[in-house]
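Colleague: With the sequence up front, the predicted model follows.
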Amino acid sequence: MRVFLALNLPEATRQALWRAAAPLRDLGFPIRWVRPEGIHLTLKFLGEVAEQRDAELVAALARAARGARALPLTLGGFGAFPDFQRPRVVWAGVAPDPSLELLQNQIEEVFAPLGFPTEARPFRPHLTLGRAGREGRSRDFARLEAALGLLEFAETVLVGSVDLMQSTLQSGGAVYQVRHSERLP
């Protein structure tokens, strides 16, 4: 099974963000857009893991979340990784927050001994809105930066759990399912 750890947003927030990004989708960029129900904040991608390890992952998540509290996430701003000319990911921003960084770091530390190497890149919290295909050329994205600059969305939400998610790849995009939810009091 393909799994990752994430913070899931309230349904109303995902729908509001989807509506805010509608003008961008209407411009016809060669991007595969994430459906509203799939918008989340990934804390760590674990990859393909045998289903027999489920209990081990759940126990590790409980250890990583121990002592963490519900997290206020301040959402706003839009961008692209690695850049606007050759984007791989189009995203909505999540403001850096010490509690969020502490939780993500704790997850890295707890999962590393289980065979999930620590991410080499610095943690850049974001909500993936879409992924550009490798066939896209820089001229296809000439208006992307300006279009992202016109979008408006700002909201702060309280997230009360960290989730072990399963990702199933389908022709219409990935479908996500919560396998386990660890409450953040």
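Modeller: That came in fine, so what should we check first?
Colleague: contacting residues around the residue nearest the centre of the chain?
Modeller: What sits nearest the mean C-alpha location of the chain, by Cα atoms, centre = their mean, is residue 41, with 3.0 Å. Residues in contact with residue 41, defined by Cβ atoms under 8 Å, 6 or more residues apart in numbering, are 6-7, 9, 73, 94, 125-127, 159. In short, each C-beta sits where N, CA and C put it, glycine included.
Colleague: confidence score at the closest residue to residue 69 other than its chain neighbours?
Modeller: Of all residues not flanking residue 69 in the chain, residue 184 sits nearest, at 5.8 Å (Cβ to Cβ, 6 or more residues apart in numbering). Looking at residue 184, its pLDDT is 95.
Colleague: Count the neighbours of residue 184 for me.
Modeller: 18 (other Cβ atoms under 10 Å).
Colleague: Same question for residue 133.
Modeller: Here the number of neighbours of residue 133 (other Cβ under 10 Å) works out to 10.
Colleague: quick one on the thing from earlier: Serialize the contacts of residue 41 to a markdown table and add fields for distance to residue 47 and pLDDT.
Modeller: Output for the contacts of residue 41, formatted as a markdown table (distance: Cβ to Cβ, whole Å; pLDDT from 0 to 100):
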| residue | distance to residue 47 | pLDDT |
| --- | --- | --- |
| 6 | 14 | 98 |
| 7 | 19 | 98 |
| 9 | 23 | 97 |
| 73 | 25 | 97 |
| 94 | 23 | 98 |
| 125 | 20 | 97 |
| 126 | 19 | 98 |
| 127 | 21 | 98 |
| 159 | 23 | 97 |
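Colleague: and these, which two are the farthest apart?
Modeller: The largest separation in the contacts of residue 41, counting by Cβ to Cβ, is between 126 and 159 at 14.6 Å.
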